[in-house]
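1. The amino acid sequence is not available; the structure is as follows:
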């Protein structure tokens, strides 16, 4: 992780929620200036762990306010597990208990809290998600305040929706903002038929084409994972920042 261009202030905040327990979220902001905009960060199934918190802090270093929110607020509100098999199994267990409606309720809570912060009142926000968080980012992108979304290797969007129902990919026509989807061409969780479905849906929705990192597997953005690929991560990060700079 590169050093932040500007100093950062970060810490935990409890966000009151009308539909669940309070959301224990990680809030990072520039320490010496007003944020240029805000970004909602959606974690992998491993929870708001150290790497996800570092993403929020890195965004704050670029001048954004960033809120990393828990995605399992009802079953594991404090989840923070490692990338080994046990952590993956635990994360997937909670993933399989989440519904799209539950997630959207929590996302609305998080967005309302962000937009109540000084200097961010009622302003549009960005969203970025990784792995299952990338899948959920497509749902969050349907919410009116979300103007720009980056989905990094959100798998199973063409076949599944949390809690059941039509595949999440079918929400693309409901997305009013801009969307970028990323994956690696060696990702075993995103087979050729999934990539073809994503490409087709993006084209029909008038969104930019799928960005594919050559030689990258699943989780290529994350330095803590075996599939980390510096070249793909640098490209993904720079394209995400460009989208946010153009849109927010």
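-> Yep, that arrived. Predicted, not measured: the structure shown is a model, and the values here were computed from it.

2. Now the residue sitting furthest away from the middle of the chain. Nearest residue, chain neighbours left out?
-> Distance from the C-alpha centroid of the chain peaks at residue 32, with 25.5 Å (Cα atoms, centre = their mean). Spatial nearest neighbour of residue 32, chain neighbours left out: residue 7 (5.6 Å); criterion: Cβ to Cβ, 6 or more residues apart in numbering. C-beta: built from backbone N, CA, C; applies to glycine.

3. Hmm, residue 28 and that neighbour touching each other?
-> No: look at residue 7 against residue 28 with Cβ atoms under 8 Å: they stay out of range, at 11.1 Å.

4. So which of those two has more stuff around it?
-> Shown here are residue 7 and residue 28; by other Cβ atoms under 10 Å, residue 28 has more neighbours (27 against 11).

5. Quick check: bridge partners of the more buried one?
-> Partner residues in beta bridges with residue 28, using DSSP bridges, are residue 10, residue 66.

6. any idea how far residue 222 is from it?
-> Going from residue 28 to residue 222 by Cβ to Cβ, to the nearest Å gives 17 Å.

7. name the helices or strands packed onto the longest helix belonging to the chain?
-> In the chain, with assignment by DSSP state H, the single longest helix is helix 230-247. With contacts defined as 3 or more Cβ pairs under 8 Å, 6 or more residues apart in numbering; DSSP states H and E, helix 230-247 has these neighbours: strand 125-130, strand 146-152, strand 178-184, strand 211-213.

8. which residues touch the second one?
-> So that's strand 146-152. Applying Cβ atoms under 8 Å, 6 or more residues apart in numbering, the contact partners of strand 146-152 are 40, 111, 124-131, 134-135, 137-138, 140-141, 157, 175, 177-183, 221, 236, 239-240, 243-244, 246-248.

9. Sort out which of those are buried, if you could.
-> The neighbour-count test (16 or more other Cβ atoms under 10 Å) marks 40, 111, 124-131, 134-135, 137-138, 140-141, 157, 175, 177-183, 221, 236, 240, 243-244, 248 as buried among these.

10. Taking strand 125-130 as reference, get the angle to the longest helix of the chain.
-> 160 degrees (axes from the mean of the first three to the mean of the last three Cα atoms, to 10 degrees).

11. what's the angle between helix 230-247 and strand 146-152?
-> Using the same axes, to 10 degrees: helix 230-247 against strand 146-152 is 170 degrees.

12. got the angle between helix 230-247 and strand 178-184?
-> 180 degrees.

13. what is the mean pLDDT for helix 230-247?
-> In this model, helix 230-247 has an average pLDDT of 98.

14. How far away from the center of its chain is stretch 92-108?
-> Distance of stretch 92-108 from its chain centroid, counting by Cα atoms, centre = their mean, to the nearest Å, is 13 Å.
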